[in-house]
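>>> got a structure for you, letters missing:
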């Protein structure tokens with residue numbers, strides 16, 4: 001009998017993904033389907049924020065309430081692309097002085113994907129997500145610029161079909 005392949009764990013071992021810091025997250029749509037933009041007519045050098053589709057607007061709304069759902073999580077910057085989403089999340093320390101369950105990046109993304117899935121009636125997500133721990137200010141600025149410029153460079157994007 002053939003054994004099923006083991007999925008490679010892409011998370012850092014021994015790293016606490018609930019610790020304070022900045023995280024660059026990319027969440028992809030399964031099979032690269034372009035479902036978040038209303039059309040690609042406005043793509044190009046002058047594109048800053050394209051019109052979102054119904055699914056894109058749902059994703060945008062869910063991004064906007066992540067900070068309300070988890071009071072130690074802030075969405076610093078994000079962009080909804082046709083078939084993926086980039087987010088910079090900041091996890092902060094609870095300033096209330098009370099003991100609180102610290103959400104992990106995994107829990108935040110699972111809740112985010114689940115909420116959208118529930119609203120539209122089916123899952124459109126690729127399994128898992130990509131993450132990068134932002135280690136310094138220079139990296140933060142480089143990633144922020146990438147997010148800002150991503151819509152205008154859609155046709156050059158690695159996720160462009």
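Yes, it's here. Here the structure is a predicted model, which is why all the values come from computation and not from measurement.
>>> Okay, strands next: where are they in this structure?
In the chain, strands defined by DSSP state E lie at 21-28, 73-80, 84-91, 130-134, listed in chain order.
>>> so what secondary structure elements neighbour the first one?
Right, the one you point to is strand 21-28. In terms of contact count using 3 or more C-beta pairs under 8 Å, 6 or more residues apart in numbering; DSSP states H and E, strand 21-28 is assigned the packing partners strand 84-91, helix 105-120, strand 130-134. For every residue, glycine as well, the C-beta is placed using N, CA and C.
>>> can you give me the offset of the last one from its chain's centre?
So that's strand 130-134. Averaging C-alpha positions (C-alpha atoms, centre = their mean, to the nearest Å) puts strand 130-134 10 Å from its chain's average.
>>> do you know which of the strands of the chain lies nearest residue 112?
Evaluated over these, closeness to residue 112 peaks at strand 21-28, with 7.5 Å, by C-beta to C-beta.
>>> one step back: tell me which of the helices and strands packed on strand 21-28 lies nearest to residue 52.
In this view, these are compared for proximity to residue 52 by C-beta to C-beta, and strand 84-91 is the closest at 11.1 Å.
>>> Mind listing the strands the closest one pairs with, and their directions?
The strands that strand 84-91 pairs with in its sheet are strand 21-28 (antiparallel), strand 73-80 (antiparallel) (by DSSP bridges).
>>> Just the angle for that strand relative to helix 105-120, thanks.
Computed by axes from the mean of the first three to the mean of the last three C-alpha atoms, to 10 degrees, the angle separating strand 84-91 from helix 105-120 equals 130 degrees.
>>> now the angle from strand 84-91 to strand 130-134?
40 degrees.
>>> got a list of contacts for strand 84-91?
Judged by C-beta atoms under 8 Å, 6 or more residues apart in numbering, the contacts made with strand 84-91 from elsewhere in the structure are 18-29, 36, 59, 63, 66, 72-79, 102-103, 105, 108, 134, 140, 143-144, 146-147, 150, 159.
>>> at 6 Å instead, please
Applying C-beta atoms under 6 Å, 6 or more residues apart in numbering, the contact partners of strand 84-91 are 20, 22-28, 72-74, 76-79, 147, 159.
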